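**Q** Please find the sequence and the predicted model below.
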Amino acid sequence: MIDPPGASSVHTWSSNGKVSKRCRFEAVVAFKYQNLLLIPKTPPRTASLFLISFPSLDRCSMNLLEKIKKQKKKEPDKSMSVQEIPIYWFETSDSVTRHYQFQPDGHLSVKVVDDSRPVYHRVVDSFLNKFFPSGYPFSVNEGYLRYTQFRALQHFTSAALSVLSTQSLLFAAGLRPTPAQATVVSWILKDGMQHVGKLICSNLGARMDSEPKRWRILADALYDLGTGLEVLSPLCPQLFLEMAGLGNFAKGIAVVAARATRLPIYSSFAKEGNLSDLFAKGEAISTLFNVVGLGAGIQLASTVCSSMQGKMIVGPLLSVIHVYSVIEEMRAAPVNTLNPQRTAMIVADFVKTGRISSPADLRYREDLLFPGRLIEDAGNVKVGRDPHKVVKPSKFHELKELFAEEKFILCLGSRWTDMVLEQNASGEDALRGWLVAAYAASMAKSFHDPSLTVLQDAYDKMNDVFTPLLSELQAKGWHTDRFLDGTGTRFAWTDTIWIIQSLMVNQ
């Protein structure tokens, strides 16, 4: 007799009903194999559903089957009591043992069952989990740690300064508050002036999108200016209302500007689309060091800065540290959107060396205070000037015919090249125009007479290199779908006329 494939412990019966052989069989139902009926040694609970009458079986074998069915009816059904075997395992890494287990709903739970690391390492790990994004450092872009370090220092010094300035205000008003009272009042004054600052800053959003680093530095410098006016107010108590009002007004504008530029900065670090996580952890760090700074400010107000002479020494020192911290924060941020300065630097590097720079390559080379400087290797391009001042309408038609398929026009001058963008131009369009301007400026040095021929040759050269350039830029993390030129002038074109529109570009 031949054993069926895949056998477990079963009995085999022939047509006379006698056991003739034992074999191995893994199936759980009765079935016919070479005119034999095979039934497991311990018949399954569902065996009765699979019983089939075979003509070759005699009454003895059928009686045997009936006995099996009756026996199964007497056995209690234990199927409901059978529980699924939990799937879990343990992993040990860096002296930490974790228990992993899949829950019935499919989620994976993780518990630390043993942590033999020193207390210092456990504290650091807990701090990282609470104040840094999940997956750090692999989930953020380069420079995030340095940005966070100076952000913490910035908030510490800012909070300490706020306590000193509010104490000075109350002294100037003729009051003698305790340091704790100064802390409470500082929050009230600061929050109240934010509403005025919002109204003043409402039309500056496009400029902040284009140059978030510059406006963040200006915001904190303005904040320190307002704080300085408050600290100096006891020296001229007769001008208390003027100095206090101007100081809080400046601080209100600064707070709104700082908040408006926060999102572009955080976005530059979001490597895995984890912007919300970055924002939450960044605000947690700000809150922590604000509280620490308030405590330090209370201590200073009670000791060193209890006199005006102490404030005159400590105040400027804290202000210098504050502004320096903000500058270092902004230098560490690899902003990956295209604006006039970054576009010019990308084009200059490409034309001069053939290398394509990443956002991290350019972050320490950006001019944070005066971003409008011209770059010779990029064609000395100015973008966003009023087209009426750039080119006459008659020549505008010639230039538009030359760049018929483009969303920009270029006008070569003796000192710089003007580029005017169409209303819906993107970062790719600005890059194309900048490359043409850079090549044309290089060719014009040989001809000494800029003309449409030079522009045409430069345009053809741009078309030859642009596709691989664009692919490499996007691979390095640049966002080329938008061009943030702040508040500038763009044009709208029809078949018969051209319309100049002064736009508040907020892309």
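**A** That came in fine, so what should we check first? Numbering: from 1, shown residues only.

**Q** phi, psi of the residue nearest to Trp478 when sequence neighbours are not counted?
**A** Leaving out its chain neighbours, the residue that sits closest to Trp478 by CB to CB, 6 or more residues apart in numbering is Asn336, at 5.5 Å. Quick note: C-beta positions are derived from backbone N, CA and C, even for glycine. Backbone geometry at Asn336, expressed as degrees, to the nearest 10, gives phi -110, psi 20.

**Q** what's the burial count for Asn336?
**A** When counting by other CB atoms under 10 Å, one arrives at 23 neighbours for Asn336.

**Q** wait, isn't it in contact with Ser268?
**A** Yes. Using CB atoms under 8 Å, Asn336 is in contact with Ser268, at 5.7 Å.

**Q** how about the strands of this structure, start to end?
**A** Using DSSP state E, the strands of the chain run over 7-13, 19-25, 31-33, 36-40, 88-93, 96-102, 108-115, 337-338, 381-383, 408-412, 417-421, 479-483, 487-493, 498-504.

**Q** Return the list of helices and strands in contact with the fifth one.
**A** So that's strand 88-93. strand 96-102 (3 or more CB pairs under 8 Å, 6 or more residues apart in numbering; DSSP states H and E).

**Q** list the buried ones in the strand it packs on?
**A** For strand 96-102, a neighbour-count test (16 or more other CB atoms under 10 Å) marks Val96 as buried.

**Q** What lies in contact with it?
**A** Applying CB atoms under 8 Å, 6 or more residues apart in numbering, the contact partners of strand 96-102 are 86-92, 108-117.

**Q** Can you tell me the strand partners of it and which way each runs?
**A** strand 88-93 (antiparallel), strand 108-115 (antiparallel) (DSSP bridges).

**Q** quick check: mean pLDDT across the longest one?
**A** When you say that, I think you mean strand 108-115. For strand 108-115, mean pLDDT is 74.

**Q** next one: the first one
**A** Computed over strand 88-93, the mean pLDDT rounds to 77.

**Q** Can you give the contact residues for that strand?
**A** With CB under 8 Å, 6+ apart, strand 88-93 has contacts from 97-102, 113-114.

**Q** and if we set it to 7 Å?
**A** 97-101 (CB atoms under 7 Å, 6 or more residues apart in numbering).

**Q** Dump the residues you listed into a markdown table; add pLDDT and distance to Val347 as well.
**A** A markdown table is the format used below for the contacts of strand 88-93 (pLDDT from 0 to 100; distance: CB to CB, whole Å):
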| residue | pLDDT | distance to Val347 |
| --- | --- | --- |
| Thr97 | 82 | 54 |
| Arg98 | 77 | 50 |
| His99 | 79 | 55 |
| Tyr100 | 78 | 51 |
| Gln101 | 81 | 55 |
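
**Q** Which single one of those residues is nearest to Ala250?
**A** Using CB to CB, Arg98 comes nearest to Ala250 of these, at 51.4 Å.

**Q** show me where the stretch 201-350 of the chain has helices.
**A** Here the stretch 201-350 of the chain has its helices, by DSSP state H, counting those that start in this stretch, at 205-210, 212-232, 240-260, 262-269, 275-302, 308-332, 340-353.

**Q** Can you give me the buried ones in the third one?
**A** Counting neighbours by 16+ other CB under 10 Å, one finds that the buried residues in helix 240-260 are 240, 243-244, 246-258, 260.

**Q** and that helix, how far from the chain's centre?
**A** In terms of CA atoms, centre = their mean, to the nearest Å, the centre of helix 240-260 is found 29 Å from the chain centre.

**Q** Likewise for the longest one?
**A** Taking CA atoms, centre = their mean, the mean C-alpha location of helix 275-302 is offset from the chain mean by 21 Å.

**Q** again, but for the fourth one
**A** How far helix 262-269 lies from its chain's middle: 6 Å, per CA atoms, centre = their mean.

**Q** and that helix, what other elements does it pack with?
**A** helix 275-302 (3 or more CB pairs under 7 Å, 6 or more residues apart in numbering; DSSP states H and E).

**Q** Equivalent analysis for the last one, please.
**A** In this structure, helix 340-353 packs against helix 427-447, with contacts taken as 3+ CB pairs under 7 Å, 6+ apart.

**Q** Measure how the helix it packs on sits relative to strand 408-412, angle-wise.
**A** Compare the direction of helix 427-447 with that of strand 408-412 by axes from the mean of the first three to the mean of the last three CA atoms, to 10 degrees and you get 20 degrees.

**Q** For helix 427-447, which outside residues touch it?
**A** In this structure, residues lying in contact with helix 427-447 by CB under 7 Å, 6+ apart are 338, 343-344, 347, 351, 377-381, 406-408, 410, 412, 417, 419, 421, 450, 454-455, 457-459, 461-462, 466, 470, 479-483.

**Q** Give me the buried positions along it.
**A** Within helix 427-447, the residues scored as buried using 16+ other CB under 10 Å are 427-444.

**Q** Might you list the low-confidence residue ranges for the stretch 401-507 of the chain?
**A** 446-451, 487-488, 493-507 (pLDDT under 70).

**Q** One more: the stretch 201-350 of the chain?
**A** 202-203, 241.

**Q** hang on, the earlier thing: please identify which of the helices of the stretch 201-350 of the chain is closest to Asn141.
**A** The minimum distance between Asn141 and those falls on helix 262-269, with 5.0 Å, by CB to CB.
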